[in-house]
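# sequence? don't have it. structure:
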């Protein structure tokens with residue numbers, strides 16, 4: 001029996017209407033547009049309304065995908081939602097998406113791998129389809145980070161925004177959209193980016209409870225030191241050279257961090273796609289948002305080889321090389 005293949009057959013995104021510009025942040029904390037742009041490359045981010053939650057953004061992205069591509073998700077075998085900001089501890093966000101979309105019979109699962117979550121979910125979906133277990137998997141990366149951001153902390157409140165992206169992964173006997181993947185974790189670094197839940201200690205250290213807490217300097221050093229080497233390993237697994245990759249799509253954490261990764265890595269900044277300038281850091285949503293922006297701009301095309309690379313809290317990372325199939 002020939003092993004099944006999988007590919008992306010549709011993509012859609014959603015961001016809230018409310019814009020939080022750098023000028024708005026100047027009214028909240030001691031900062032300036034010039035300071036934010038210089039250090040992060042961000043100019044705006046979108047913010048969910050008080051009664052708008054991550055499941056609402058996720059459903060918005062799926063509906064956008066349906067409108068753009070005319071696909072049917074009612075017969076999806078599985079819904080995977082990558083998020084760090086679920087509506088509830090349980091039920092899962094994926095189950096709320098199932099309910100709102102009226103999908104009668106499907107598996108529903110949330111993944112929490114922070115900013116690497118979308119790529120992890122893609123890898124899981126590819127495995128479920130290529131194993132022959134499922135035929136169609138709905139993958140969503142969605143966040144409402146504004147709801148866990150401390151807007152009195154000038155080091156973090158300038159970074160985060162809200163948004164969602166969805167893709168459909170389907171079986172195809174002739175076209176393999178996934179070329180190579182890797183993933184890993186540096187759990188010792190979890191202390192550098194966290195939000196408390198039941199425990200307020202980590203490895204014996206007291207944590208700050210409540211909002212998201214980030215040690216930006218340590219995350220920057222870890223990412224710039226490790227991601228370029230991971231990119232090279234991924235190329236080796238794919239048996240490809242860097243110049244065969246059309247686009248590099250890292251998690252849009254911070255434009256200066258991405259620039260530093262590209263300076264040390266095998267793929268230059270001029271072949272890098274981000275969503276950071278007008279969306280901010282949207283964690284698990286940032287990669288699909290960047291992909292959609294590139295499609296809208298006519299940059300990402302059918303057949304392009306794309307390296308996706310998510311990294312963040314955990315510290316987790318996940319990379320995949322895919323051949324763009326829509």
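Looks like it came in fine. Bear in mind the structure is a predicted one, so any value in this text is a computation, not a measurement.

# Give the helix, strand or coil label for residue 123.
With DSSP: H, G, I helix; E, B strand; the rest coil as the basis, residue 123 sits in helix.

# Quick one: residues contacting residue 155.
Taking Cβ atoms under 8 Å, 6 or more residues apart in numbering, we find residue 155 in contact with 214, 216. All C-beta spots, glycine's among them, are computed from the backbone N, C-alpha and C.

# Next, work out how far apart it and residue 183 are.
28 Å (Cβ to Cβ, to the nearest Å).

# again with residue 70
From residue 70 to residue 183 the distance is 33 Å (Cβ to Cβ).

# you'd agree residue 269 is up against residue 258?
Yes - contact criterion Cβ atoms under 8 Å: residue 269 and residue 258 qualify, at 7.4 Å.

# rewinding a little: and residue 70 and residue 183? Which one has more around it.
residue 183 (16 against 8; other Cβ atoms under 10 Å).

# Helices of the stretch 101-250 of the chain, start to end?
With DSSP state H, counting those that start in this stretch as the criterion, the stretch 101-250 of the chain has helices at 117-130, 216-238.

# what's the spacing between residue 175 and residue 64?
Residue 175 sits 24 Å away from residue 64, going by Cβ to Cβ.

# ditto for residue 93
Taking Cβ to Cβ, one finds residue 93 at 17 Å from residue 64.

# Can you list the residue ranges for strands in the stretch 201-326 of the chain?
201-202, 205-206, 213-214, 247-250, 305-312, 316-323 (DSSP state E, counting those that start in this stretch).

# Dump the ones you listed into a markdown table; add distance to residue 151 and mean pLDDT as well.
A markdown table is the format used below for these (distance: least, Cβ to Cβ, whole Å; pLDDT from 0 to 100):
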| stretch | distance to residue 151 | mean pLDDT |
| --- | --- | --- |
| strand 201-202 | 24 | 94 |
| strand 205-206 | 23 | 94 |
| strand 213-214 | 14 | 96 |
| strand 247-250 | 26 | 98 |
| strand 305-312 | 21 | 97 |
| strand 316-323 | 26 | 98 |
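
# out of those, nearest to residue 141?
When the strands of the stretch 201-326 of the chain are compared by Cβ to Cβ, strand 305-312 sits nearest residue 141, at 8.7 Å.

# Using a markdown table, please lay out the strands of the stretch 201-326 of the chain together with mean neighbour count and distance to residue 82.
Shown next, in a markdown table, are the strands of the stretch 201-326 of the chain (neighbours: other Cβ atoms under 10 Å; distance: least, Cβ to Cβ, whole Å):
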| stretch | mean neighbour count | distance to residue 82 |
| --- | --- | --- |
| strand 201-202 | 10 | 22 |
| strand 205-206 | 8 | 27 |
| strand 213-214 | 20 | 19 |
| strand 247-250 | 25 | 15 |
| strand 305-312 | 25 | 9 |
| strand 316-323 | 24 | 10 |
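
# Export those as a markdown table, with columns for distance to residue 140.
Conversion of the strands of the stretch 201-326 of the chain to a markdown table gives the following (distance: least, Cβ to Cβ, whole Å):
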| stretch | distance to residue 140 |
| --- | --- |
| strand 201-202 | 28 |
| strand 205-206 | 33 |
| strand 213-214 | 24 |
| strand 247-250 | 17 |
| strand 305-312 | 14 |
| strand 316-323 | 16 |
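
# Can you say which of these is nearest to residue 5?
Taking these one by one with Cβ to Cβ, strand 316-323 is closest: 10.7 Å.

# hey, what's residue 214 bridged with?
residue 193 (DSSP bridges).

# Surely it is in contact with residue 191?
No - look at residue 214 against residue 191 with Cβ under 8 Å: they stay out of range, at 10.6 Å.

# Next up, the contacts around the residue nearest the centre of the chain.
For the chain, the residue lying nearest the average C-alpha position, counting by Cα atoms, centre = their mean, turns out to be residue 284 (2.7 Å). If a contact means Cβ under 8 Å, 6+ apart, then residue 284 has 82-84, 113-118, 121, 141-143, 310 as its contacts.

# Ok, residue 326 next?
Residue 326 makes contacts with 8, 9, 10, 11, 69, 302, as judged by Cβ under 8 Å, 6+ apart.

# Kindly indicate which of those residues lies nearest residue 135.
Using Cβ to Cβ, the contacts of residue 326 come closest to residue 135 at residue 9, 11.4 Å.

# what residues are up against that closest one?
Counted by Cβ under 8 Å, 6+ apart, residue 9 has contacts 69, 71, 168, 169, 170, 325, 326.
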